[in-house]
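J.: 3D model of this:
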Amino acid sequence: MTQRMILNETAWFGAGALRHLPEEVQRRGMRKALIVTDKALAAAGALKRVTDLLAQHQFDWAVYDEVVPNPTIRVVQQGVAVFRESGADYLIAIGGGSPQDTSKAIGIIINNPEFEDVRSLEGVSPTRHPCVPIIAIPTTAGTAAEVTINYVITDEDNRRKFVCVDPHDIPKVAIIDAEMMASMPASLKAATGIDALTHAIEGYITRGAWTLTDMLHLKAIEIISQSLRESVAGNIEAVEQMALGQYVAGMGFSNVGLGLVHGMAHPLGAFYNVPHGVANAILLPQVMAWNASGTGEKYRDIARAMGVKQVESLSLDQAREAAVAAVRQLCRDVGIPRSLREVGLKEADIPALAQAALDDVCTGGNPRTPDLEDVMALYRQS
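T.: Residues are numbered from 1 along each chain as shown. All right, here's what the predicted structure looks like:
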């Protein structure tokens, strides 16, 4: 059997890493950026930090700041038009998963115009050309979109989110600077942090997992479980650790896939515009409990990575329960909503949500194979 790993060409880490942006632009001979972000980040000063650096080095840029949470087909199409009009030759993505995903879709379509119908990119996309070069600057410690080959777009007309998987979309450069993340509100740190934990846990138990990704995911679980509480409380060193942990998780899951938590979370974003991290966090303990019988000894490893004491002395069932309990406690400690009712779940929507979850590309990697009744029951239990 052969295995594949795809990562960024270059990644910079640590507080102050943003200062390396100009040298990366210059080294690649790029002329003009289209900066993709949202209005909130522009107002908060994240955009200005980047444009000030570009201005100091006399680099040109244009701005597209119409990105919204759970970015839509319309947002992508509008961004494609802005890129073409701007004269840009590369993209700078500033923000969390939404600007990163929007940049990937824009960059893919620009260099593969036969996929201008955004829906045609769903699933494993058969594009022929690498996307427009992207420099990714995350402002949240969670999605790891800066190192993955995946992006997610919302189809508002059909109330669904779809996942695109394409090795051609990975950013050339990732700049993971904790100073760009420090101003996140506590609730966003919590939601994106549990999103990162979900990536690490699902990546560890997914069907495609193998030795190299197992190492990455276990280390990510350890870093995140040790750092998230303090990060939410405002500790800048913990924010920096979270920035690293979420990237390490992304290195793994991008190459082996995820599972049912993500499959169930995506429809919640499409139906109710629930923040992706919040949806994952509510679902994760319940789905973990359901998956336990299909995971062998892996929950013991998860419990150990999360700091559960004397895990070796526990029976397998006890170790599995301990892993789920540790995840549930972490969610509580950082203030995650406890029920899908709190984010608007309607009983009447559950059959449609469950079918969408079964159809989601992430669900195929789940260690247990669910049917429609299983997924409906999990939504109700959550």
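
J.: Just confirm residue 163 is within a strand.
T.: Yes - judged by DSSP: H, G, I helix; E, B strand; the rest coil, residue 163 forms part of a strand.

J.: so it makes contact with residue 361?
T.: Yes - with contact defined as Cβ atoms under 8 Å, residue 163 reaches residue 361; the gap is 4.7 Å. From N, CA and C alone the C-beta is placed, and that goes for glycine too.

J.: what sits in contact with each of those two?
T.: Shared contacts of residue 163 and residue 361 (Cβ atoms under 8 Å, 6 or more residues apart in numbering): 122-123.

J.: can you map out the helices along this structure?
T.: Assigned by DSSP state H, the helices in the chain fall at 21-27, 39-44, 46-56, 73-86, 97-111, 186-205, 211-233, 236-256, 260-272, 276-291, 298-305, 316-333, 350-359, 372-381.

J.: Just want to check the distance between residue 200 and residue 103.
T.: To residue 103, residue 200 is 24 Å away according to Cβ to Cβ, to the nearest Å.

J.: ugh, wrong one, residue 354
T.: Applying Cβ to Cβ to residue 354 and residue 103 gives a distance of 31 Å.

J.: again with residue 271
T.: Counting by Cβ to Cβ, the gap from residue 271 to residue 103 is 25 Å.

J.: ok, these two, which is more surrounded?
T.: Using other Cβ atoms under 10 Å as the criterion, residue 271 and residue 103 rank with residue 103 on top: 35 against 18.

J.: Break this protein down into its domains, please.
T.: Annotated domains of the chain cover 10-180, 186-381 [the TED database].

J.: Would you mind checking the average pLDDT for the first one?
T.: Right, domain 10-180. Average pLDDT, domain 10-180: 96.

J.: Quick check, residue 250 in contact with residue 150.
T.: No - the pair residue 250 / residue 150 is not scored as a contact, 9.3 Å apart, by Cβ under 8 Å.

J.: okay, those two: which has more neighbours?
T.: Between residue 250 and residue 150, residue 250 has the larger neighbour count (other Cβ under 10 Å), namely 29 against 24.

J.: which residues does the more buried one contact?
T.: For residue 250, the contact set (Cβ under 8 Å, 6+ apart) comprises 143-148, 199.

J.: what sits opposite residue 155 in the beta ladder?
T.: residue 160 (DSSP bridges).

J.: Please disregard the earlier target; I meant residue 151.
T.: Here residue 151 sits in beta bridges with residue 164, going by DSSP bridges.

J.: Where does pLDDT dip in the stretch 151-300 of the chain?
T.: Judged against pLDDT under 70, the stretch 151-300 of the chain has no low-scoring part.

J.: quick one: residue 19 and residue 56 touch, right?
T.: No - Residue 19 is beyond contact range of residue 56, at 10.2 Å (criterion: Cβ under 8 Å).

J.: Give me the residue at the spatial middle of the chain.
T.: Centroid-nearest residue in the chain: residue 143, 2.4 Å away (criterion: Cα atoms, centre = their mean).

J.: Identify the residues contacting it.
T.: With contacts defined as Cβ under 8 Å, 6+ apart, residue 143 is in contact with 96-97, 100, 192, 195-196, 246, 250, 276.

J.: what's the distance between it and residue 88?
T.: With Cβ to Cβ as the criterion, residue 143 and residue 88 are 23 Å apart.

J.: Likewise for residue 217?
T.: For residue 217, the distance to residue 88 equals 36 Å [Cβ to Cβ].

J.: picking that back up, let me see the backbone angles for the residue nearest to the centre of the chain.
T.: phi -70, psi -30 (degrees, to the nearest 10).

J.: Leaving out chain neighbours, which residue sits closest to residue 19?
T.: Counting by Cβ to Cβ, 6 or more residues apart in numbering, residue 19 lies nearest to residue 53, which is 7.2 Å off, once chain neighbours are set aside.

J.: Can you report how many residues neighbour that neighbour?
T.: Using other Cβ under 10 Å, residue 53 is surrounded by 16 other residues.

J.: Wait, it touches residue 16, no?
T.: No - look at residue 53 against residue 16 with Cβ under 8 Å: they stay out of range, at 11.6 Å.

J.: Could you list which residues are in contact with residue 212?
T.: Contact analysis of residue 212 by Cβ under 8 Å, 6+ apart lists 3, 5, 252.

J.: Who wins on neighbours among those residues?
T.: Greatest neighbour count in the contacts of residue 212, by other Cβ under 10 Å, goes to residue 252: 30 neighbours.

J.: Run a quick neighbour tally on residue 151.
T.: So residue 151, with other Cβ under 10 Å, has 27 neighbours.

J.: so how far is residue 307 from it?
T.: On the measure of Cβ to Cβ, residue 151 and residue 307 end up 33 Å apart.

J.: Over to residue 44?
T.: 34 Å.

J.: So which of these two has more stuff around it?
T.: Using other Cβ under 10 Å, the more surrounded residue of residue 44 and residue 307 is residue 44, with 14 against 11.
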